[in-house]
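> Build me a model from this:
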Amino acid sequence: MSKSRGGVMVSGGKRRRVSDERDSSNTGDIGLIESIALKNFMCHRLLGPFQFGPNVNFIVGNNGSGKSAILTALIVGLGGKATDTNRGTSVKDFVKTGETSAEITVKLRNRGLDAFKRDVYGDSISIERRIFSDGSRTCKLKSKTGQLISNKKEELTSILDHFNIQLDNPVSILNQEMSKQFLHSKSESDKYQFFMKATLLYQMKRDFVHIKQTKTLTRQQVERQEEALKDLKLDFLQKKERFESLYSFSDMKELLPSLQRNMAWSLVRDKEQFVQRLKEDVEKEESNQKHQENLKLCQTKLTAAEQKLRGVRSRIESVTQEQEALSEGHLRLKEQLKVVGKEHNEQEIVYFRALNKFKESEREQNYLQEKINKARTSESKDGETEYSKQQKRIVSLRKHREELEETHSQLNEEIKNEHQVLFTGREERDKLRLEERNIQVLLESKVRRRNQVLASRSNKLKRFGDQVPDLMISIDEANAAGRFKKKPIGPLGAFISLKDPLLAAAVEACLRSFMKAFCCDNHRDEALLQEIMRRHYTKGNRPQINVSQFSEKLYNLHGRKALHTDFPSLLDVITVTSPVVFNCLIDMRGVESILIIKENEVARQVMQQSRPPKNCREAFTAEGDQVFPNRYYTSDCNRAKYLGGDLETEISVLDCDLENLQAQLSHLQLQVCCVSTDIQKMENGLNRTVLNLKRNLASVNQVKASISELEAAGEEHIEDICSLEEVAEESRQKMEAERQAMIEEKEELEKHGENVENEESRDSSVRERIDRLCEEVETMKEEQLKLEAECSKHEQSLQVLEKELKSHVETIRQMKSDLAHTEEALQECVSKATEISPQRQVVSASSTSLDTEITRMQRKIKVYESIHGEQQQVVREYADALSLFRQKSKQVRDLRRFIDRLQHIISDRQSRYKVLRRSLSFRCKLYFNNFMIKMNCCGSMIFDHSNETLSISVMPPGREDEGVVSDMRSLSGGERSFSTVCFMLSLWEITESPFRCLDEFDVYMDMHNRRISLDLLLELSERQTLRQFIFVTPLTTSNLPKSRLIKIHKLQDPERICSEAQEEEEDV
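Here you go, the predicted model:
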């Protein structure tokens, strides 16, 4: 840092020449902005070019006309960051909406003795900056003639440093946002930092810190050099010791050839012994037939097991066919047994009815015979007696009783039949009602499903249940509150997509409840998720929760996955976006061992008629049927519920299903109504029949009572024997007829009983046979599983044995190859030993001990030779080591002295820095007070360099009684703006920059304050004619004085203001 006239600061260590070194011009020579042009920048399609004057420039225009955009473009065009503008975070934000790039052209003056490469660039430098919508940007540096000079950022940085242009210095460019932050900031530390950055004291402070850090690193490097110096000293002492230990070595030199001859033949001896061992090992391995014998034995066992397995499968197939045939016959026998049993029961009723009639007739016959015997002993021999009349009356009543009993039996049979029909009708009605309820439930399920599909148009989670979106919101809230260690993942179906949409039913049939399940990392998270689910689900209806530690690494399925050349596994037909879900499906469902086989018959053939594919546990068809090696389950779901891709198709299918179900429900309701009407009619008929039965029973009881009375009365009279005999004869004939009928019915009953027994015997034998076959099948299947396991075991053993045999053969081949190479090496070793010593030496010592002795002897000889034969080399190494040690010692001492002197210089510079800081702060306070006095205000600035704070106090006119106002935010807008201008003018007085930009400095001022501020700015510009000033204001400049130093740039109104003005003119 250095000072120019008035003690003004300059940047980058450059000293600017003062006016006595310049020409007679009243304007600056370098760094002034001659023009700027914008294209597609921010909201402006084309703005400029603006030709700026060398002194005072006012940019005037309404809001939105592009005033602030010019300053923003100036910063970006000269290579500033987007954050320096306070108008965006990235340069791509400055590209006009709908455009791919924006262009900025800035032309800087380059004249006079301080010009930057004037022979290359000429009197001006054009900087063309292009920024793109993807965030990239390019820069071209051109001369006055338009020739491209450079496009490197380093060249632009050199130009800015040479011109002392500081884009991030608020003294050079103060935009609206930075001014607002300064005005509204309560922190005195922020104001102090603003002062430090404006005067570049902050940069000096950072440089001092960097120098101190560099000094510390240098000191550490010196310490490391001192450690290395210790090693150099040790090496120097070793060479000194060698230099001092030279002596004679002739005896050792004579002993060395003898040791070398012994060593050569010792190596030959070792090679011969090694070759002999290799030959013995090869013979031993070739004679070992254990691997071939084990392989043959395993092949024999595998063949026997496969033969047994084929036999068992054949027996299972034949027994299964016989079992199916017997099952069909058994069903027919059951139907026949039902028919025969029904006939037997009916015949049994007929027989007992005949038996009761016969017993009744027999009692009547006995009764009549007793009466005849009594009548014969009586004395009455006249014509027809009263007794005979009573007997005839009794006979007549008995006939009437029989008729009534026959009617009673018919009514009972009719009631029984009506009960049976009524029971059948009620069963049919119950079945229809059950079917109606099932269809109603299915209809409600379809309606809910349709509503879910409709809702899933906007929220796919609705497919997994109406509660899922609310549940996910609750989970997100709990996770945001830090209640979960790791956020649960689910529903799992939301992370699964299909490669083939036609396999949706198969995948859902396989995963089932896992589609709606959730995953938790630990049991604590599971308990919290259960608690959240209780608020959204009823008990027993909550999704499944799987607990497993989360891992972003997928499981290694090598050797575990089901493989088939024609059919994919379940993992091959789905895409899982989450590693946690992928691992969970493997852990909980074993999806790696499940195949997808579209056709049902092909699935049966692959899984049941032959051995299942390797690692395959089960398979699923395209319709969702589940196939195991020994069983088959048909899917109850024929349509995908969660993974269906086409929502509109599913909605149309659901609408069609709803129409069909509604039609079926209406038809069933009509049937239920008709059946209920028929049942009501049958119940009314049954009630009438029961009423008739009761009446008939009353008549029978009445007739029986009359017979009893007549029989009791007849006992007092003498019965007519002839009449009684006639009646007895009729009764006897009737009894004989009933006896004959009873015997016939009994014979018929016995026939039916024999038929029932025969059918039951046949049914029992068939059932026993089926049970035995089932037991045989289960036994054979168990045997099949054992044999399959045995075959698999033998196959694995066979593979292992084949590998062992191949390894054994390969080992023998390798051993023979090694033996051949070793024999060749032996021949080479013998030839080398013969060259060293033609006569074979008998050596007892080992080659290792000989090699150690030779090495030790050679080392000694080298040391001795370095003393006697190579003495100059030892002396030279010793001299080099001594010189290097002294050189490094001198370097370390010099670095020590440099660090000490650097410490002294830093201390001196820091003291000078404090003096400069004190001087600048003092001058800033003086200028600030002078500027405030021109507004009839009192102002002061208090610098606290220890705490790095700056306190600005302002007392506006008319507030003397209130005291000093510490916070400028308590001032009016105009007073704050004027205070800011005074503060900026104070900084301008003590700092240097080729141009100064101030954005909307007077927006909150009244006309009086604005007039004073403008006078101050113009007065300063007249004093600093070598500086360029650019002021941005939305207010009028009509009251500015006429001067050749002032140039006003009036911007056009934005398009929206122009359109509104045109509309108003049209309305008028």
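> what does the model give Glu128 for pLDDT?
Listed pLDDT for Glu128 reads 91.
> Give me the neighbour count for Val700.
18 (other CB atoms under 10 Å). The way it works is simple: take the backbone N, C-alpha and C, and place the C-beta from them, glycine included.
> Helices of the stretch 1-150 of the chain, residue ranges please.
67-77, 82-85, 118-121 (DSSP state H, counting those that start in this stretch).
> Which of the ones you listed has the highest mean neighbour count?
helix 67-77 (a mean of 24; mean count of other CB atoms under 10 Å).
> got the contact list for it?
33, 36, 38, 41-44, 47-48, 50, 59-61, 82, 84-85, 87, 91, 94, 104-106, 127, 129, 131, 167, 173, 175-176, 997, 999-1000, 1030, 1032-1034, 1051 (CB atoms under 8 Å, 6 or more residues apart in numbering).
> Please list only the buried members of those residues.
The neighbour-count criterion (16 or more other CB atoms under 10 Å) marks 33, 36, 38, 41-42, 44, 47-48, 50, 59-61, 82, 84-85, 87, 91, 94, 104-106, 127, 129, 131, 167, 173, 175-176, 997, 999-1000, 1030, 1032-1034, 1051 among the contacts of helix 67-77 as buried.
> average model confidence for the helix or strand hosting Cys774?
Per DSSP states H and E, Cys774 falls inside helix 721-836. The average pLDDT for helix 721-836 rounds to 79.
> Same question for stretch 69-82.
Stretch 69-82 comes out at a mean pLDDT of 84.
> Just give me how far the helix holding Cys774 sits from the chain centre.
49 Å (CA atoms, centre = their mean, to the nearest Å).
> Which secondary structure state is assigned to the closest residue to Glu877 other than its chain neighbours?
Closest residue to Glu877 apart from its sequence neighbours, by CB to CB, 6 or more residues apart in numbering: Lys239 at 5.3 Å. Classification of Lys239 by DSSP: H, G, I helix; E, B strand; the rest coil places it in helix.
> What is the neighbour count of Lys284?
Counted with other CB under 10 Å, Lys284 comes out at 10.
> Likewise for Leu1018?
With other CB under 10 Å as criterion, Leu1018 counts 19.
> I'd guessed it sits against Pro1041; true?
Yes. The pair formed by Leu1018 and Pro1041 meets the contact definition of CB atoms under 8 Å, at 7.3 Å.
> which residues do the two both contact?
Contacts common to Leu1018 and Pro1041, judged by CB under 8 Å, 6+ apart, are absent.
> any idea how far Ile489 lies from Leu882?
73 Å (CB to CB, to the nearest Å).
> More neighbours: which of those two?
For Ile489 versus Leu882, neighbours defined as other CB under 10 Å are more numerous around Ile489 (20 against 13).
> Can you check the pLDDT for the residue nearest to the more buried one when sequence neighbours are not counted?
Nearest residue to Ile489 in three dimensions, chain neighbours excluded: Cys519, at 4.5 Å (CB to CB, 6+ apart). pLDDT, Cys519: 93.
> residues contacting Cys519?
Pro488, Ile489, Gly490, Leu492, Ile545, Asn546, Val547, Ser548, Phe550, Val580, Val581, Cys584.
> Name whatever forms a beta bridge with it.
Judged by DSSP bridges, the bridge partners of Cys519 are Ile489, Asn546.
> Leu108 now?
Assigned bridge partners for Leu108, using DSSP bridges, are Ile33, Ile125.
> quick one: terminal-to-terminal distance for stretch 190-210?
End-to-end distance for stretch 190-210: 23 Å, by CA to CA, to the nearest Å.
> what comes up buried for that stretch?
191-204.
> What ranges does the stretch 1-150 of the chain have for its strands?
30-41, 44-51, 56-60, 101-110, 124-132, 137-142, 148-150 (DSSP state E, counting those that start in this stretch).
> Would you reformat those strands as JSON lines and include distance to Asn930?
Formatted as JSON lines, the strands of the stretch 1-150 of the chain follow (distance: least, CB to CB, whole Å):
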{"stretch": "strand 30-41", "distance to Asn930": "27"}
{"stretch": "strand 44-51", "distance to Asn930": "33"}
{"stretch": "strand 56-60", "distance to Asn930": "21"}
{"stretch": "strand 101-110", "distance to Asn930": "31"}
{"stretch": "strand 124-132", "distance to Asn930": "37"}
{"stretch": "strand 137-142", "distance to Asn930": "42"}
{"stretch": "strand 148-150", "distance to Asn930": "45"}
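> Ok, which of those strands comes nearest Thr538?
Between Thr538 and those, the shortest gap by CB to CB is with strand 124-132, which sits at 57.7 Å.
> From the contact counts, what lies against the closest one?
helix 67-77, strand 101-110, strand 137-142 (3 or more CB pairs under 8 Å, 6 or more residues apart in numbering; DSSP states H and E).
> how far off helix 67-77 does it point, in degrees?
100 degrees (axes from the mean of the first three to the mean of the last three CA atoms, to 10 degrees).
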